[in-house]
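1. the following block contains a protein sequence and its predicted model.
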Amino acid sequence: MAKQNQTLGEFIIENQEEFKYSSGELSRLINSIRLAAKVVNHEVNKAGLVDILGAAGETNVQGEDQQKLDVYANEIFIKTLTNREIVCGIASEEEDDYITITGRNKKNDNKYIVLMDPLDGSSNIDVNVSVGTIFSIYRRVTPPGTPVTLDDFLQPGKNQVAAGYIVYGTSTMIVYSTGHGVNGFTLNPAIGTYYLSHPNMQYPEDGNIYSVNEGNYVHFPQGVKDYIKYCQKEEGNRPYSARYIGSLVSDFHRNMIKGGIYIYPNTSKDPDGKLRLLYECNPMAYLAEQANGSASNGFERILDIQPTKLHQRVPFFCGSKNMVAKAEEFMQNSTS
């Protein structure tokens, strides 16, 4: 039972038996993510004071410019998870390929893999806008003690055993689920402890916020254009408010609390969409469904999509149930 002001450590211990594979391993994994998040949070908060702002001079596998904090966050999360020997593999948006982790005995009996976007919204770092970390956890499908393979990572999102995000904003929060609802923990920086501040987070079934980059309107599919016009029409509780930060974690977090829909569709420039299925869409879809919301590519449930490659991209519609259903209706009508 979630208790207000309970620490994250206390919450993990108290609730670990809810997890059907309970062995303490998942709890240690969440604790490692908590530790890495504290380190990254410290660097994000002093970014304007040290030489950690700006581009790192490299591009990632998607061809995007890497920011210095992107590289730093990636290194911290990989190092923390590797040193504690609690996962058998890691895949990161910033890495070309997955990382196989072997223990001191040169084999790995650990059960879990982690996929992550170490620093979502990093293009906003230089202007002091909230950024975040997204993570996704699966049980491996290959036998323990053997090296992980691509099959361990190319699992549909419905196989996730846990997912969450950290938002580095006016306050720093960890929001996560292990399949029993969504809970949010806020960091008290004075003592370095996360406290339960948002128990049992739920999307309202309806909302009045739509979040989409309307600068790409001319490139959107007709169904998205029609839905945006619907959002802007004065009728009933509409027009909706347009709110778009450009950081998935921040937009998702606001919409889950207030009620709304986040849309990042495919476009004529990016026919497959831009968000990554494994690092962004699957974990956020898992959280949305655990919080009474839904997530879709416009035509099918995100968590049902069978991945075919590590850095696969998909269109993404996520948020309050009724709003996502209405957007899907416009998408389907535009192709009929």
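-> Alright, I've got the coordinates. Residues are numbered from 1 along each chain as shown.
2. got the domain ranges for this structure?
-> By the assignment in automatic domain parsing, the chain contains the domains 8-198, 209-335.
3. tell me the span between the first and last residue of the last one.
-> The one in question is domain 209-335. Taking C-alpha to C-alpha, to the nearest Å, domain 209-335 runs 25 Å from one end to the other.
4. starting at the chain centroid, how far to that domain?
-> Here domain 209-335 is found 14 Å from its chain centre; the criterion is C-alpha atoms, centre = their mean, to the nearest Å.
5. report the contact partners of residue 225.
-> By C-beta atoms under 8 Å, 6 or more residues apart in numbering, the contact list for residue 225 reads residue 217. Every C-beta, even on glycine, is put in place using the N, C-alpha and C of the backbone.
6. about what we covered before: can you add mean pLDDT and give the domains of the chain back as a markdown table?
-> Shown next, in a markdown table, are these (pLDDT from 0 to 100):
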| stretch | mean pLDDT |
| --- | --- |
| domain 8-198 | 84 |
| domain 209-335 | 97 |
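7. beta partners for the residue nearest to residue 248 when sequence neighbours are not counted?
-> Closest residue in space to residue 248, ignoring its immediate chain neighbours: residue 120 at 5.3 Å, by C-beta to C-beta, 6 or more residues apart in numbering. For residue 120, the beta-bridge partners under DSSP bridges are residue 132.
8. and if you look at residue 194?
-> Applying DSSP bridges, one finds that residue 194 bridges with residue 187.
9. which residue ranges of the stretch 201-336 of the chain form strands?
-> Applying DSSP state E, counting those that start in this stretch to the stretch 201-336 of the chain gives strands spanning 209-211, 241-242, 261-264, 275-276, 293-296, 313-314, 316-320.
10. highest mean neighbour count out of the ones you listed?
-> When you average the neighbours per residue for each of the strands of the stretch 201-336 of the chain (mean count of other C-beta atoms under 10 Å), strand 316-320 leads with a mean of 28.
11. which other helices and strands contact that strand?
-> helix 248-258, strand 261-264, helix 282-290, strand 293-296, helix 321-335 (3 or more C-beta pairs under 8 Å, 6 or more residues apart in numbering; DSSP states H and E).
12. got the CA positions of that strand in PDB?
-> Coordinates of each C-alpha in strand 316-320 appear next as PDB, following Å, rounded to 0.1, in the frame of the first residue of the first chain:
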ATOM      1  CA  PHE A 316       3.100   7.800 -31.600                       C
ATOM      2  CA  PHE A 317      -0.300   8.900 -30.200                       C
ATOM      3  CA  CYS A 318      -0.400   8.700 -26.400                       C
ATOM      4  CA  GLY A 319      -2.500  10.000 -23.600                       C
ATOM      5  CA  SER A 320      -6.100  10.100 -22.200                       C
END
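13. what angle do helix 248-258 and it make with each other?
-> With axes from the mean of the first three to the mean of the last three C-alpha atoms, to 10 degrees applied, the angle from strand 316-320 to helix 248-258 works out at 30 degrees.
14. for strand 316-320, which outside residues touch it?
-> Strand 316-320 is contacted from outside by 203-207, 252, 255-256, 259-265, 273, 275, 280-281, 284-285, 288, 293-298, 302, 324, 327-328, 331, using C-beta under 8 Å, 6+ apart.
15. for residue 88, which of the strands of the stretch 201-336 of the chain is the nearest?
-> Nearest to residue 88 among the strands of the stretch 201-336 of the chain is strand 275-276; the distance by C-beta to C-beta comes to 21.3 Å.
16. how about the closest residue to residue 37 other than its chain neighbours, secondary structure?
-> With sequence-adjacent residues excluded and distances taken as C-beta to C-beta, 6+ apart, residue 37 is closest to residue 166, at 4.5 Å. On the three-state scheme (DSSP: H, G, I helix; E, B strand; the rest coil), residue 166 is labelled strand.
17. next: residue 148.
-> Residue 148 - assigned by three-state DSSP - is coil.
18. sorry, back to before: separation between the residue nearest to residue 248 and residue 147?
-> Distance, residue 120 to residue 147, by C-beta to C-beta, to the nearest Å: 29 Å.
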